[in-house]
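Enquirer: okay, here's the prediction I keep looking at, along with the sequence it came from:
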Amino acid sequence: MAYSEKVMDHFANPRNVGEMEDADGIGEVGNSKCGDIMKMYIKVKDDVITDVSFKTFGCGAAIATSSMATELVKGHTIPEALQLTNKAVMEALDGLPPVKVHCSVLAEQAIKAAVSDYYQKQGIDPKTVVGEIPEPIECHLED
Ligand code: FES
């Protein structure tokens with residue numbers, strides 16, 4: 001399966017790239033098998049994610065899914081952002097090859113990790129709001 005035009009577009013022209021100096025929450029997740037790392041930064045006001053950015057050291061699909069995930073949560077409330085699944089990110093990108101599904105899981109985890117960090121900084125136990133961050137699924141680089 002080839003990459004969709006949307007994946008290629010978000011890989012070649014990723015949205016919301018870069019560090020955020022005054023972030024309210026920062027989440028970093030990685031996949032130990034492929035070694036890819038995704039870092040998400042969020043700015044929050046009145047429970048709304050007013051700004052979001054990312055830095056991804058990873059494959060093209062990881063960059064495209066990070067980019068799409070930022071677009072899907074920007075301007076949305078934290079509860080809405082927590083509903084974001086890797087499946088929704090993949091659908092918004094018109095699909096990913098099966099061996100690249102785990103890259104989209106990183107994007108879902110990174111958003112949840114950034115929200116967790118935000119709550120932690122507010123003195124709120126993130127588990128009560130965010131729940132458990134899904135475990136990384138295996139990278140199938142060898143397939
Ligand atoms: Fe592991 Fe894409 S994040 S290969």
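Expert: All right, it came through fine.

Enquirer: how about residue 132, secondary structure?
Expert: coil (DSSP: H, G, I helix; E, B strand; the rest coil).

Enquirer: centre of the chain to stretch 107-120, how far?
Expert: Offset of stretch 107-120 from its chain centre (CA atoms, centre = their mean, to the nearest Å): 9 Å.

Enquirer: what does that stretch contact?
Expert: Identification of contacts with stretch 107-120 by CB atoms under 8 Å, 6 or more residues apart in numbering yields 23-29, 38-42, 44, 52, 54, 62, 65-66, 68-69, 73, 78, 81-82, 84-86, 89, 125-126, 129-130, 133-134, 136. To be clear about C-beta, it is placed using only N, CA and C from the backbone, and glycine gets the same treatment.

Enquirer: among those, which are in reach of the ligand?
Expert: With the criterion set as CB under 6 Å from any ligand atom, the members of the contacts of stretch 107-120 near the ligand are residue 62.

Enquirer: shaky segments in this protein?
Expert: Along the chain, the model assigns pLDDT under 70 to residues 1, 133-143.

Enquirer: quick one: buried ones out of the contacts of stretch 107-120?
Expert: In the contacts of stretch 107-120, burial by neighbour count holds for 23-27, 29, 38-42, 44, 52, 54, 62, 65-66, 68-69, 73, 78, 81-82, 84, 86, 89, 126, 130, 133, 136, counting by 16 or more other CB atoms under 10 Å.
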